[in-house]
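Participant: Got a predicted structure here, sequence first:
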Amino acid sequence: MINYSIDADGIATVEFDYPGKAQNILNAASMEAYAEAMRKALADPTVKGIVVASAKKDFIAGGDLADLGAVTDAAAFHRHISDWNKLLRAIELGGKPVAAALNGSALGGGMELALACHHRVAADKPAARFGFPEVTLGLLPGAGGTQRVPRLVGMQAAAPLLMEGKRIKAAEAQKIGLIHAVVPAGEERQATRNWVLETIASGRKPLQPWDAKGFKIPGGGPGTPAGMQMLMVANAMLRAKTFDKYPAPRHILSCMYEGLATDLDTGLAIEVRYFTNLVMSPVSKNMIRSLFFGMQEANKLASRPSAVAQQKYLRIGMLGAGMMGAGIAISAAMAGIDVVLLDTTAKAAERGKDYARKQWARRVQQGRMTQQAMDALLARIHPTADYADLKGCELVIEAVFEKREIKADVTTKAEAVIGANAIFASNTSTLPITGLAEASVRPTNFIGLHFFSPAEKMPLVEIIVGKATGEATLARAMDFVRAIGKTPIVVNDSRGFYTSRVFGTYLSEGMALLEEGVSPALIDKAGLIAGMPLGPLALADEISLELVHKIAQQTRADLGAAYVERAADRVAARMAADLGRLGRKSGGGFYDYPGEGPKRLWQGLAAQFPVKAQQPTVEEIIERLILVQSVEAARCLEEKVLRAPIDADVGAILGWGYPSFRGGPIGWLHTLGLAQAVAALDRLAAQHGSRFAVPQILRDMLAREKRFYA
Ligand code: NAD
């Protein structure tokens, strides 16, 4: 774990080298070994100074999330971190100069260890990042991060690092004072060694700024007017943005406010309590499970059929150069893939390319891309109206109008040109893949690739396996999703698949509340407080009430007698068909969108949906908006539309901005506990109808004391 050596000058090198791992991480085992080596060096009278280093390509990647996610004993954890803090204080106060050679990224606990050294030198590597990502997983930097960073760089500069998890490059870290020097890569160890030798020669006692007499926090502590103002503004902004649903940034602010008002040792004692509180909270467990392990599995393609050779992509075809087609073309071109962008006319295809041009031109303007890089990207997009140009494409994706006949037509035309082994994918948002595959002469090579809007930005792709879709097609489609840097979830065919189906329940529940006479302002505010990116009515306006209405009509036509009408169908029909209020795109839906200024609820809404005198509480509305999604996700599991619970959670967070503190629609059932979740659903079903009816899978799991997650 630790390579320990002492040279002729009495400089000990403590080199971290986690066995069998690509990265150094901090967990119980490595921290114990580290502490032992460090204490040995501090105690050894022949050791005059210490260099802290790494044998990997990066310094330290941070804490072991598997360990943190599994903590169940708060007292033991508190002791463990307090002991580590004692070691870091021993380094600072041991009287020997200690310097860290940051040969690559130093993140989280790794950066905190470096901050306890008297001097930090970073290698100038473009990929190296420094910072504290803990907050993004519901945690805080709990080994002194919230105390040492603001004492070093001031509260203002510390806030984005600690509260947003912003990672910075070496040059910026040096500029704000987080590290002392940046040297060409490979020279960092020598540079730290030189500093240690100079310090020994000077006879100066190495001391951290906060241990020196008369220390003042740069820019002022919480007791100063500037510090107080900074904390008040940060607190207000945090609440406005998150409605206080994420305890980590709040605890980080508390650590700064309480900890910086005192000395470092007391500050560390305060911090470790807040840290323990977060580690024990369901929020961090949810975020670690979904955002870290769930996404890691998805991105590693854990569920990819393994017997199929990996496919590389050089050239794909994109049918339809509209909003989605152009967006997908951007993602593919940026991944180095040539795109044949086809539309009904050459002019329409050019319009799609223009969309890409505008996006990239903006980047060039902002200095985030060179003109040369932009030209190279543009050269990869080949607009056309001629199907013959699709020749040689390994994959063709259609994103033409959402009409079965048009989709069938383009499928036939493309398949006549592309190779026998090429994949044909549909980006339909609602039409079952198995039905669309009927137009294909090789349905085993037919699959759904459901992108989200805007496709060039949204990270998720829902891969839909039709009845006839082959395993090889699935594996190769997954390779494509990864090749363009997106995260896939794999689902089986169903109306609305997984994402549209569950997301749709949120919109519909909002409209059900409206029909019942609940104030629209209250409904949408409750959606925001629940953690959703927008209230359900505002969101329906965004994706267009016309679309909601059209999907309902199509579903009714397809299902016939089996069709169950929902509130959204009635409300969207009234708004879009009767009143011509189609949503944001057409100037107004539930809201009006004046050219300037924020949107305003439509004045005429109250006449259509009168508001009752008696209103439900915010909590009652939130429960409905959230549980309606959970129960539908559970049905998707029961019907095997979903293959694993984690897909529900990753898909919801990445697909429609479901709040990560709940873990996901299934993660939320897990958080509540199945007994409580089932009781709540039974109550809601009795009050509001069968959309809340408990699926058998939940009753069975409850009876057998099973859980979705450990
Ligand atoms: P759009 O109207 O912006 O673009 C459709 C494009 O297809 C147009 O440029 C049109 O000229 C072209 N087109 C129509 N018929 C064609 C044909 N026969 N041959 C070639 N091109 C043809 O629509 P969009 O929003 O990009 O949606 C496209 C598809 O993606 C639809 O199936 C839609 O359901 C699906 N989708 C949309 C979203 C979304 O949020 N907009 C999200 C996921 C999936």
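Facilitator: Good, I have the coordinates.

Participant: May I see the buried residues of stretch 657-677?
Facilitator: 657-672, 674, 677 (16 or more other C-beta atoms under 10 Å). Yep, even glycine has a C-beta here, placed from its N, CA and C like the rest.

Participant: got the residues of the stretch 201-350 of the chain near the ligand?
Facilitator: 319, 320, 321, 322, 323, 324, 325, 342, 343, 344, 348 (C-beta under 6 Å from any ligand atom).

Participant: Which among these count as buried?
Facilitator: Buried among those by 16+ other C-beta under 10 Å: 319, 320, 321, 324, 325, 342, 343, 348.

Participant: quick one: contacts for the second one?
Facilitator: Read that as residue 320. 342, 343, 398, 399, 400, 401, 410 (C-beta atoms under 8 Å, 6 or more residues apart in numbering).

Participant: try the fifth one
Facilitator: Residue 325 sits next to 318, 319, 341, 343, 352, 397, 399 when contact means C-beta under 8 Å, 6+ apart.

Participant: that older thread, using a markdown table, lay out the buried ones among the residues of the stretch 201-350 of the chain next to the ligand together with secondary structure and pLDDT.
Facilitator: Below are those laid out as a markdown table (DSSP: H, G, I helix; E, B strand; the rest coil; pLDDT from 0 to 100):
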| residue | secondary structure | pLDDT |
| --- | --- | --- |
| 319 | strand | 98 |
| 320 | coil | 98 |
| 321 | coil | 97 |
| 324 | helix | 96 |
| 325 | helix | 97 |
| 342 | strand | 98 |
| 343 | coil | 98 |
| 348 | helix | 97 |
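
Participant: I'd like those laid out as CSV, including distance to residue 121.
Facilitator: Output for those, formatted as CSV (distance: C-beta to C-beta, whole Å):
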residue, distance to residue 121
319, 54
320, 53
321, 51
324, 48
325, 49
342, 54
343, 55
348, 56
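
Participant: Show me which of the residues you listed is closest to residue 141.
Facilitator: Nearest to residue 141 out of these is residue 324 (C-beta to C-beta; 40.1 Å).

Participant: gap between the closest one and residue 35?
Facilitator: Using C-beta to C-beta, to the nearest Å, one gets 54 Å for the distance from residue 324 to residue 35.

Participant: Now do the nearest residue to residue 149 once chain neighbours are set aside: how many residues are near it, please.
Facilitator: Computed as C-beta to C-beta, 6 or more residues apart in numbering, the closest residue to residue 149 that is not its neighbour in sequence is residue 158, at 4.4 Å. Using other C-beta atoms under 10 Å, residue 158 is surrounded by 28 other residues.

Participant: ok, now which ones touch the residue of the stretch 151-300 of the chain found nearest the ligand?
Facilitator: For the stretch 151-300 of the chain and the ligand, the shortest gap (C-beta to the nearest ligand atom) falls at residue 298, measuring 19.0 Å. Counting by C-beta under 8 Å, 6+ apart, residue 298 makes contact with 487, 488, 489, 646, 647, 650.

Participant: just to revisit the earlier point, among the contacts of residue 320, which two are most distant?
Facilitator: 342 and 401 (13.8 Å).

Participant: Right, and the ligand sits closest to which residue of the stretch 601-710 of the chain?
Facilitator: residue 655 (10.3 Å).

Participant: Please disregard the earlier target; I meant the chain.
Facilitator: For the chain, C-beta to the nearest ligand atom, closest residue to the ligand: residue 322, 1.7 Å.

Participant: which residue packs closest to that residue, ignoring adjacent ones?
Facilitator: Of all residues not flanking residue 322 in the chain, residue 399 sits nearest, at 6.5 Å (C-beta to C-beta, 6+ apart).

Participant: Pull up the per-residue confidence for the one you found.
Facilitator: What the model reports for residue 399 is a pLDDT of 97.

Participant: Just confirm it contacts residue 319, I think it does.
Facilitator: Yes - between residue 399 and residue 319 there is a contact under C-beta atoms under 8 Å: 6.7 Å.
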